[in-house]
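*Asks:* need a 3D model of the following:
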Amino acid sequence: MARDLSHGPEGRRVAAQPAVLAALVLLTAVLGLVWRSRQGRVRTVRRNGDVDWAAHGVTLGERATFVQLSARVCAPCRATARALADVAGGADGVVHHELDVEEHLGLTRELAVLTTPTVLVLDPAGAESARSSGAMTVAQARRALDAVDAVARA
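*Replies:* Numbers count the residues shown, from 1 in each chain. Below you'll find the predicted structure:
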């Protein structure tokens, strides 16, 4: 005797399963797109320069400083370091420092760093002018530098 495949073992209809699966796939795709759009996005902030950057081996640039908080096992951190070094190397008064989060746990907690890479863009006085979490491209690094300039002009 042929079994009716439209019902499960307890007599429930199983036609809803493909619809639920399709909804989950769609939800996952939307969440992935939102997450991806936030990677490397520069957020302008204004935080006092209350961090002793010299104690962490960071010398401030005359125009701006990129402080990248990274982890050794982070592949996006290496790409971000190349992008920031490229921008800093081509801009007067801009420096780039990369700090390992494991070696600077107190600073990581103080700055509320939740993901690597996190890039802080400091003004000449050491105050945080912009912040980015996730992989950063050269174009995004240049926009971050423009954010520091805009804050300085304001």
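
*Asks:* what element comes up after the lowest-mean-pLDDT helix or strand in the chain heading to the C-terminus?
*Replies:* Lowest on mean pLDDT, DSSP states H and E among the helices and strands of the chain sits strand 42-47, with a mean of 58. Downstream of strand 42-47, the first helix or strand assigned by DSSP states H and E is strand 64-70.

*Asks:* hey, what's Arg131 bridged with?
*Replies:* Judged by DSSP bridges, the bridge partners of Arg131 are Arg43, Leu120.

*Asks:* avg pLDDT for the helix or strand harbouring Asp86?
*Replies:* Assigned by DSSP H and E, Asp86 belongs to helix 75-89. Across helix 75-89, the average pLDDT comes to 95.

*Asks:* and the angle for the helix or strand following it with helix 75-89?
*Replies:* Counting by DSSP H and E, the next helix or strand C-terminal to helix 75-89 is strand 94-100. Between strand 94-100 and helix 75-89, the angle comes out at 160 degrees (axes from the mean of the first three to the mean of the last three CA atoms, to 10 degrees).

*Asks:* buried set for whichever helix or strand comes after strand 94-100?
*Replies:* Going down the chain from strand 94-100, the next helix or strand is helix 105-110, by DSSP H and E. Going by neighbour count (16 or more other CB atoms under 10 Å), the buried part of helix 105-110 is 107-108. Just so you know, the C-beta spots here come from the backbone N, C-alpha and C atoms, and that holds for glycine as well.
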